[in-house]
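# sequence first, then the predicted structure:
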Amino acid sequence: MALLGASGLLLPSAAILLAIYTAYLAIYRLFLSPLAKIPGPRWAALTYWYECYYDLFLPAQYVFKIKQLHDQYGPIVRITPDEVSIADPDFFDTIYAPGPGHKRDKDPEKSKALGFSTSIGATVGHDLHRKRREPLNPFFSHRSIARLAPKLHDKIQQLEENLARAAAAGDVVNLSDLYYAFANDIVNEYCFGHSQNLLADPPLAHVQRKNVDSVLRGVKFNLHFSWIRDLIHRFPPALSARFTPPAIRDMIRFRTGIRRDIDRVLNHAPPPTDKEAHPSTTDTTQQSVFTSLRDSPSLPDSEKSPQRLEDEATLLVMAGTQSTQLSLTIAHYHLLANPQLMARLRAELATTTTATPLSTLEKLPYLTATMQEAHRLGFGVTGRNPRVAPDENITYTDPQTNQVYVLPPGTSTSTSTFLVHANADLFPDPFAFDPDRWLGPAGVARRRYQLAFSRGPHICIGMHLANAEMAVALAAMARWDLRLFETGAEDVAMRHDYHILMPRLDSEGVRVRVLGRAG
Ligand code: HEM
């Protein structure tokens, strides 16, 4: 009885406490928070359910809603109780790349979503990020990537073998899968000294690409409910297998493969050799990124734990595959959908051969402009990736009203590439694929608004690798006559923000029939 009486009192008391806390939180967020005066919808200021609705129920549409909010409220909008979006392209560097002497952390809540928390991409603290990134930088410099040219050419040869086979058999080719395989083989070989040789197995590339898509489709759920994912991870494996959504199961499988590679590196075991492998898929003579990290004197042992290196490798392989695949697919789709653009590219490439060095390809203006335009419409990382200034105010002056807004240290502040790349003042007719906008003096001036690789301390580490892969692949693929097969603009257009662009969710990718080599 006494117990019943106690629990009978406990519940109402807990309910009253919860009601008081909720009321306090609402009053704080709406009236007392330092962000209370920032324009924006009251619901967004009051509760994360506003963002959650656009992220989970529509789904992955908040990036588009934020653009509408800016049209309604102006260049600065409070988009969650704790985050402010600034749609001013000239303010991008203040948020992301403020220069020496200014620190920018990542927002820990947003960093959780992808799940590889000790990778450089998810590292929250400015200083720790720098320590982790420094030993990786030399591998991804322009000069190091230039040395990869022979490997890239081997992979191009394999890519073209796929087209030749399809031409002979009259098969439909899925370019999204081929580019996935191409980028995945290269980044794996660079990281671990071997790859799965996916270019030899496009159906497997298709399965893996779809798996990564479904993993990415989980990022919004993880953003809002990462505690559920973390809870499931604590269950015994047999139980967690029953509750784990397919997307997370795919991620676990993917990471198990990465972990095998990391264990092999840490145990000084040689990369596996595959008799079927293409000559370029295994290279035991070269140091790979991870053998070098293992041997790096500048990284303390605590930074070389299997878990940390697994996180790093997962990010490198995922980012190095998916984003490059997207930009390549977008470029190639638009070249095929607009024969006049393909004709311009072919005219420029007429002076080149398959042996033309990467350094020459990189200087071709129309090829470069085509790549820039594909990056622009790929939107890089479509998620907002907010930054937090830990020890200084961020001050923004609305150019229209001259109103000054002071965001105190710790405020999560963001802009998205979508807000910049789809800005019609900077890029007229912003959803049209128009490489010309990157040419001439106006094109050069526009480059400061190319944010696909971001800027500042977290600028994409794989930018030179991605551009090298794209230059050689587009130059080679332009030599083939392909016809789009059951593919339209909706298969490459940004329709959802799942950290990176996702087109219509039932898209099969960009598919083509191969007519033969271009005459
Ligand atoms: C067209 C292709 C690519 C695009 C558009 C792209 C875009 C980006 C963007 C926007 C960021 C910054 C994210 C942030 O602010 O947190 C980033 C970071 C990163 N990218 Fe890429 N990326 C591409 C290719 C690659 C490749 C080929 C690799 C690997 C070799 C790679 C590895 C990474 C890593 C490790 C980071 C984290 C860097 C850090 O936080 O310090 N990316 N990428």
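Okay, I see it. Residues are numbered from 1 along each chain as shown.

# just give the nearest non-adjacent residue to the residue of the stretch 101-250 of the chain found nearest the ligand, would you?
Using Cβ to the nearest ligand atom, residue 121 is the residue of the stretch 101-250 of the chain that sits closest to the ligand, at 3.6 Å. (Each C-beta comes from the backbone N, C-alpha and C, glycine too.) Using Cβ to Cβ, 6 or more residues apart in numbering and skipping the chain neighbours, the partner closest in space to residue 121 is residue 315 (4.9 Å).

# which ones are touching that neighbour?
Applying Cβ atoms under 8 Å, 6 or more residues apart in numbering to residue 315 gives the contacts 114, 116, 119-122.

# is it within a helix or a strand, and which one?
helix 306-337 (DSSP states H and E).

# show me how far that helix is from its chain's centre.
Averaging C-alpha positions (Cα atoms, centre = their mean, to the nearest Å) puts helix 306-337 7 Å from its chain's average.

# immediately after it, which helix or strand?
Next element after helix 306-337 (DSSP H and E): helix 339-349.

# I figured residue 94 hits residue 394, correct?
Yes: using Cβ atoms under 8 Å, residue 94 is in contact with residue 394, at 6.5 Å.

# roughly how far apart are residue 332 and the ligand?
13 Å (Cβ to the nearest ligand atom, to the nearest Å).

# so what's that residue scoring on pLDDT?
Looking at residue 332, its pLDDT stands at 98.

# the one 5 residues further on now?
On the pLDDT scale, residue 337 is placed at 98.

# do you know how far it is from residue 8?
69 Å (Cβ to Cβ, to the nearest Å).

# do the same with residue 18
Taking Cβ to Cβ, one finds residue 18 at 17 Å from residue 8.

# re earlier: give me the more crowded residue out of residue 337 and residue 8.
residue 337 (16 against 10; other Cβ atoms under 10 Å).

# residue closest to the middle of the chain?
In the chain, the residue lying closest to the centroid (Cα atoms, centre = their mean) is residue 381, at 4.1 Å.

# got phi/psi on the residue in the chain positioned nearest to the ligand?
Residue of the chain nearest the ligand, by Cβ to the nearest ligand atom: residue 462 (2.1 Å). The phi/psi pair for residue 462 (degrees, to the nearest 10) reads phi -100, psi 20.

# residues of the stretch 351-500 of the chain that sit close to the ligand?
375, 378, 380-381, 385, 452-454, 458, 460-462, 465-466 (Cβ under 6 Å from any ligand atom).

# would you check which pair of the residues you listed lies furthest apart?
385 and 465 (20.3 Å; Cβ to Cβ).

# comparing those two, which residue is more hemmed in?
residue 465 (24 against 21).

# what sits closest to the more buried one if chain neighbours are left out?
According to Cβ to Cβ, 6+ apart, the nearest residue to residue 465 is residue 145 (5.1 Å).

# quick one: contacts for the one you found?
464-465, 468.

# looks to me like it is in a strand.
No: Residue 145 sits outside any strand when classified using DSSP: H, G, I helix; E, B strand; the rest coil, being helix.

# got the buried residues for stretch 448-458?
Of the residues in stretch 448-458, 449-454, 457-458 count as buried by neighbour count, 16 or more other Cβ atoms under 10 Å.

# strands - which of those land there?
Among the buried residues of stretch 448-458, no residue falls in strands (DSSP state E).

# out of those, which one sits closest to residue 26?
Of these, the one sitting nearest to residue 26 (Cβ to Cβ) turns out to be residue 458, at 34.1 Å.

# host element of residue 481?
With DSSP H and E as the criterion, residue 481 is inside strand 480-484.

# and that strand, which strands flank it?
Paired strands of strand 480-484, with direction, are strand 511-517 (antiparallel) (DSSP bridges).

# pLDDT of the strand it pairs with, averaged?
97.

# that one vs helix 306-337, what angle?
Our comparison of strand 511-517 with helix 306-337, counting by axes from the mean of the first three to the mean of the last three Cα atoms, to 10 degrees, yields an angle of 60 degrees.

# buried residues in strand 511-517, which are they?
So for strand 511-517, counting by 16+ other Cβ under 10 Å, buried means 511-512, 514.

# out of these, who's nearest residue 419?
Nearest member of the buried residues of strand 511-517 to residue 419, counting by Cβ to Cβ, is residue 511, at 31.7 Å.

# what sits against that closest one?
Counted by Cβ under 8 Å, 6+ apart, residue 511 has contacts 172-175, 484-487.
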